[in-house]
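A.B. asks: kindly return the folded structure for what I paste below:
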Amino acid sequence: MSRRPRLPSRSEKLTPEQRKEVYEAFCDYILYTDDPNVAGFVSSDDVALKFWVTQDNMYDWPEMAELTKRAIAKSEAYLLHKGMGGQGTAMAIFRLKQPRFGYRDKFEQDFTSNGEKIQFANTIPRPSLEKPEKKKRV
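C.D. replies: I've put the predicted structure just below:
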């Protein structure tokens, strides 16, 4: 029974040539995948699997930051197109609400002025609308 190779820790580094190979493979992955993401790349790409690249590695390497942003932007565009087209709309909306995309259902607005609450017209006390009792003449 053969033993599984262990995943390298975050502190173990690839050589510059190996990192360049991973970089180029990630570029190709973004280019040829409709909905690219780091998790998909590290779990399916041959180069990433060959070097046991983890998501943590991808986020720690400064040269991958720009590519990660591009992957997120392409994924967002894909999800918006898919959601607007009526195919898998619910899933597209759900995924767009994830923190990396920044969309949300609820919009909160702060109605304050210099830290003070603004008093709205409907909260200003009004005179009573009840008619006062008429005094009886004697």
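
A.B. asks: could you report the pLDDT at the residue nearest the centre of the chain?
C.D. replies: Centroid-nearest residue in the chain: residue 100, 1.7 Å away (criterion: Cα atoms, centre = their mean). What the model reports as pLDDT for residue 100 is 74.

A.B. asks: what sits against it?
C.D. replies: For residue 100, the contact set (Cβ atoms under 8 Å, 6 or more residues apart in numbering) comprises residue 72. Yep, even glycine has a C-beta here, placed from its N, CA and C like the rest.

A.B. asks: so it is in which element?
C.D. replies: For residue 100, there is no helix or strand it lies in under DSSP states H and E.

A.B. asks: same thing with residue 58?
C.D. replies: Assessed by DSSP H and E, residue 58 sits inside helix 55-60.

A.B. asks: mind listing what's buried along that helix?
C.D. replies: Using 16 or more other Cβ atoms under 10 Å as the test for burial, helix 55-60 gives 57-58.

A.B. asks: before we move on, what about stretch 34-54?
C.D. replies: Quick answer for stretch 34-54 (16+ other Cβ under 10 Å): 36-38, 41-42, 45, 47-48, 51, 53-54.

A.B. asks: what is the end-to-end distance of it?
C.D. replies: Stretch 34-54 has an end-to-end distance of 21 Å (criterion: Cα to Cα, to the nearest Å).

A.B. asks: and what of stretch 56-68?
C.D. replies: End-to-end distance of stretch 56-68: 12 Å, with Cα to Cα as the criterion.

A.B. asks: then stretch 48-59?
C.D. replies: End to end - Cα to Cα - stretch 48-59 spans 14 Å.

A.B. asks: related to what we said a few turns ago, can you name every helix or strand that the helix holding residue 58 contacts?
C.D. replies: Using 3 or more Cβ pairs under 8 Å, 6 or more residues apart in numbering; DSSP states H and E, the elements in contact with helix 55-60 are helix 38-44.
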